[in-house]
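Chemist: Quick check, what structure comes out for this input:
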Amino acid sequence: MPWYALSSPNDPKLEELADRFQLHPLHLEDARSDDERVKVEQTPQYTFAVFKPVRLKKSGETAEVTFSTIDIFAGRADGETFFITISDPDCSTSQEALTRARREAADAKPARLLYLILDTIVDLYFPAIDAFDDQIDVLEDRVVANPDPDVLQGVFTIKRQLVDLRRVLVGTRDATLHLQRDPDSIIDAEHQPFVRDIYDHLVRLLDSVETQRDLVNNSLDIYLSSVANRTNEVMKVLTILGTVVLPVLAISSIYGMNLKGLPFEDSPHGALYVSLMALVSTAALLVFLRSRRWL
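Modeler: Numbering: from 1, shown residues only. Got it, this is the predicted structure:
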């Protein structure tokens with residue numbers, strides 16, 4: 001069976017293959033689109049599939065997840081079986097999937113090759129899930145120990161990447177379900193159990209992503225609670241300080257109004273007596289606050 005491996009959807013070879021195997025113009029348009037969603041579509045002659053291999057880039061404790069695209073045309077036209085792939089040669093995940101399929105390309109049916117590529121793509125989602133697990137563990141520790149704005153930025157970054165990953169996984173799950181249920185799909189009865197196994201893996205991946213989203217949301221709640229508690233502590237200290245100096249401010253304000261008949265007004269030791277009065281009232285207030293466990 002001929003396998004046509006293209007590295008770009010703009011390759012002139014694709015137009016030749018489209019004329020030869022009657023590829024639908026809308027499928028060619030999807031193959032040339034940079035942001036096409038994951039999907040599987042069926043025509044009487046072939047199956048068209050769009051998958052999103054994951055790209056995992058680690059840098060210290062952080063990991064960045066992006067996605068490439070691999071387009072597949074697999075079927076039979078005018079009595080000739082064909083298999084066409086369009087993938088980014090710089091994407092290691094795509095190349096690993098294609099390499100695994102090429103080992104059996106000589107005598108394999110299109111259904112087998114499609115299964116091998118999809119199975120490799122799905123298996124390589126697991127390292128991304130593990131990377132997010134490690135990031136979330138570090139994030140949870142930082143949220144408790146030092147809830148600064150950088151931690152909040154990390155929370156939102158992980159949330160955004162998990163949303164992207166979930167969207168791709170949901171699309172891949174639906175595409176896998178389509179391969180199982182469509183009677184005209186390229187996947188024959190022999191390979192149905194293998195595709196169901198891929199579906200099970202995708203369900204597990206989605207469960208993991210949902211769990212991770214809950215953990216990230218919990219980390220965000222802890223961050224907000226920690227910031228609120230820190231603010232409350234600051235306000236508590238300021239309130240206590242303001243309360244402690246209140247007797248001194250009251251006494252000094254009264255004696256600063258030049259009123260007649262105030263105690264110790266004519267005494268040569270008036271300043272000392274007023275100072276002692278302020279100290280005693282402040283000490284009494286501190287004892288009161290301590291007795292109510294407010295201090």
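Chemist: Please state the offset of whichever helix or strand Leu276 is part of from the chain centre?
Modeler: In the assignment (DSSP states H and E), Leu276 maps to helix 270-291. If you compare the mean C-alpha spot of helix 270-291 with that of the full chain, they lie 57 Å apart, counting by CA atoms, centre = their mean, to the nearest Å.
Chemist: Check stretch 7-17 too.
Modeler: Distance of stretch 7-17 from its chain centroid, counting by CA atoms, centre = their mean, is 35 Å.
Chemist: Show me which residues of it are buried.
Modeler: By neighbour count, and taking 16 or more other CB atoms under 10 Å as the criterion, the buried residues in stretch 7-17 are 9, 14, 17. The C-beta positions use only the backbone N, C-alpha and C, and glycine is treated the same way.
Chemist: For those residues, could you give me TSV that also reports secondary structure and pLDDT?
Modeler: Compiled in TSV, the buried residues of stretch 7-17 are given as follows (DSSP: H, G, I helix; E, B strand; the rest coil; pLDDT from 0 to 100):
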residue	secondary structure	pLDDT
Pro9	coil	88
Leu14	helix	91
Leu17	helix	90
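Chemist: Can you tell me which of these is nearest Ala131?
Modeler: Taking CB to CB as the measure, Pro9 is the one of the buried residues of stretch 7-17 closest to Ala131, at 29.4 Å.
Chemist: gap between that closest one and Ala31?
Modeler: Computed as CB to CB, to the nearest Å, the Pro9 to Ala31 distance reads 5 Å.
Chemist: Likewise for Leu116?
Modeler: From Leu116 over to Ala31 the distance is 20 Å, taken as CB to CB.
Chemist: what sits up against stretch 40-50?
Modeler: The set of residues that contact stretch 40-50 without belonging to it, under CB atoms under 8 Å, 6 or more residues apart in numbering, is 21-24, 27, 30-31, 36-39, 69-77, 82, 110, 114, 118, 175, 178-179, 182, 184-187.
Chemist: filter those to the buried ones?
Modeler: 21, 23, 27, 30-31, 38, 69-75, 77, 82, 110, 114, 118, 175, 178-179, 185-187.
Chemist: Which of those fall within strands?
Modeler: In strands, defined here by DSSP state E, the members of the buried ones among the contacts of stretch 40-50 are 70-75, 77, 82.
Chemist: Run a quick neighbour tally on the closest residue to Leu6 other than its chain neighbours.
Modeler: On the basis of CB to CB, 6 or more residues apart in numbering, the spatially nearest residue to Leu6 that is not a chain neighbour turns out to be Ile86, at 4.7 Å. Residues within reach of Ile86, counting by other CB atoms under 10 Å, total 23.
Chemist: for Phe67, same thing?
Modeler: 18.
Chemist: Any idea how many residues pack against the spatially closest residue to it that is not a sequence neighbour?
Modeler: Of all residues beyond its chain neighbours, the one nearest Phe67 is Lys52 (4.3 Å), with distances taken as CB to CB, 6+ apart. Neighbouring residues of Lys52 were enumerated by other CB under 10 Å; the total is 25.
Chemist: gap between Lys52 and Asn217?
Modeler: Distance of Lys52 to Asn217, computed by CB to CB: 25 Å.
Chemist: next one: Asp107
Modeler: Spatial separation of Asp107 from Asn217 under the definition CB to CB is 50 Å.
Chemist: And the strands in this structure, which stretches?
Modeler: Along the chain, counting by DSSP E, strands occupy 3-6, 39-42, 46-51, 54-59, 62-67, 70-77, 80-87.
Chemist: Any stretches of this structure with poor pLDDT?
Modeler: Per-residue confidence for the chain (pLDDT under 70) gives these ranges: 1, 60-61, 106, 261, 295.
Chemist: what's the closest residue to Ala97 other than its chain neighbours in contact with, if anything?
Modeler: Counting by CB to CB, 6+ apart, Thr120 is the residue found nearest to Ala97 once chain neighbours are left out, at 3.8 Å. The contact partners of Thr120, by CB under 8 Å, 6+ apart, come to 93, 96-97, 100-101.
Chemist: Adding neighbour count and distance to Ser275, write these out as TSV.
Modeler: Compiled in TSV, the contacts of Thr120 are given as follows (neighbours: other CB atoms under 10 Å; distance: CB to CB, whole Å):
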residue	neighbour count	distance to Ser275
Thr93	25	78
Glu96	16	82
Ala97	25	84
Arg100	15	88
Ala101	23	91
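Chemist: and the closest residue to Thr172 other than its chain neighbours, backbone torsions?
Modeler: Closest residue in space to Thr172, ignoring its immediate chain neighbours: Val38 at 5.1 Å, by CB to CB, 6+ apart. When read as degrees, to the nearest 10, the backbone of Val38 gives phi -70, psi 130.
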